[in-house]
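S.K.: sequence unknown, structure follows:
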């Protein structure tokens, strides 16, 4: 029997499905080759690319996505809407997943599935370019592989999202959950207090639901040492890394440490 070629895969999603953790690096503005190379060299699995709070040149973003995949990284795009024009074009540009911020309703999840997945699972229109590494691909095999490869991630960052979490996570195609603690705290009337016990409790309630349903999830608070990391791994958490920090926050932290001897 002839072997079916692999036209698209998602290394990070494969790790999650195997029960392994993924390390995620968040990028806001720095769509540069140096970022991709350093992120890969330092052991990350996924790039989470922000489009809610920043504007990107589409040409530069496409190049960044393609380069990320060429280096074995899984590019995940954070989006503010389930609009077809946005979601489908990002996937056609080579993105391997969509992270919906302010996820609150099952209707949003249904819309994402509609534009992320090819028939019969969804209604995504077929085009073959960066999304298939510019190969001449067998359409049936590619569409089937793409439906399995693309990641649907929900970012819960409101009380409504917490309240609806069980229904949100019940979706067949939901792969992972991350949090926006700052906006979650604000929605609870606790502006700037994302470590408030009520905010942490809300995130923990979602984590419990995710673990129960077998959906990958990040911690409410990230580990500060190896022992903490192992404890969270043992609990079943799989998504780690500076998902709530920008690359310029990380740069500032490193720059300040470098300045410490001179102050």
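M.R.: Perfect, I can see it now. This is a predicted model, so every value here is computed, not measured.
S.K.: And the pLDDT for residue 5?
M.R.: At residue 5, the model reports a pLDDT of 89.
S.K.: Now do the contacts for residue 9.
M.R.: Neighbour list for residue 9: 145, 149 [criterion: C-beta atoms under 8 Å, 6 or more residues apart in numbering]. For glycine as for every other residue, the C-beta is placed from the backbone atoms N, C-alpha and C.
S.K.: Kindly recompute the last result at 6 Å.
M.R.: The neighbours of residue 9, taking C-beta atoms under 6 Å, 6 or more residues apart in numbering as the test, are residue 149.
S.K.: Make 669 the starting number, not 1.
M.R.: Renumbered: residue one is now 669, and that last one reads residue 677.
S.K.: what's the distance between it and residue 737?
M.R.: Distance of residue 677 to residue 737, given as C-beta to C-beta, to the nearest Å: 10 Å.
S.K.: again with residue 910
M.R.: For residue 910, the distance to residue 737 - C-beta to C-beta - is 21 Å.
S.K.: Those two: who's more crowded?
M.R.: Neighbours per residue (other C-beta atoms under 10 Å) separate residue 910 from residue 737, with residue 737 holding more: 22 against 17.
S.K.: Mind listing residues that contact the helix or strand containing that one?
M.R.: In this assignment (DSSP states H and E), residue 737 forms part of helix 726-738. The contact list for helix 726-738 (C-beta under 6 Å, 6+ apart) reads 699, 704, 715, 743, 761, 762, 763, 798.
S.K.: Where does the second one sit: helix, strand or coil?
M.R.: State at residue 704, reduced to three classes by DSSP: H, G, I helix; E, B strand; the rest coil: helix.
S.K.: correct me, but residue 908 touches residue 691?
M.R.: Yes - look at residue 908 against residue 691 with C-beta atoms under 6 Å: they come within range, at 5.5 Å.
S.K.: Run through who's touching stretch 699-712.
M.R.: 691, 693, 728, 732, 735, 736, 739, 741.
S.K.: hmm, back to that, mind listing which of the contacts of helix 726-738 are in helices?
M.R.: Among the contacts of helix 726-738, the residues falling in helices (DSSP state H) are residue 704.
S.K.: Helix, strand, or coil at residue 905?
M.R.: Secondary structure for residue 905, judged by three-state DSSP, is coil.
S.K.: for it, what are its contacts?
M.R.: The contact partners of residue 905, taken as C-beta under 6 Å, 6+ apart, are residue 887.
S.K.: how far is the helix holding residue 737 from where the chain is centred?
M.R.: Relative to the mean C-alpha coordinate of its chain, helix 726-738 is positioned 16 Å out (C-alpha atoms, centre = their mean, to the nearest Å).
S.K.: Flag every buried residue along that helix.
M.R.: Going by neighbour count (16 or more other C-beta atoms under 10 Å), the buried part of helix 726-738 is 729, 730, 731, 732, 733, 734, 735, 736, 737.
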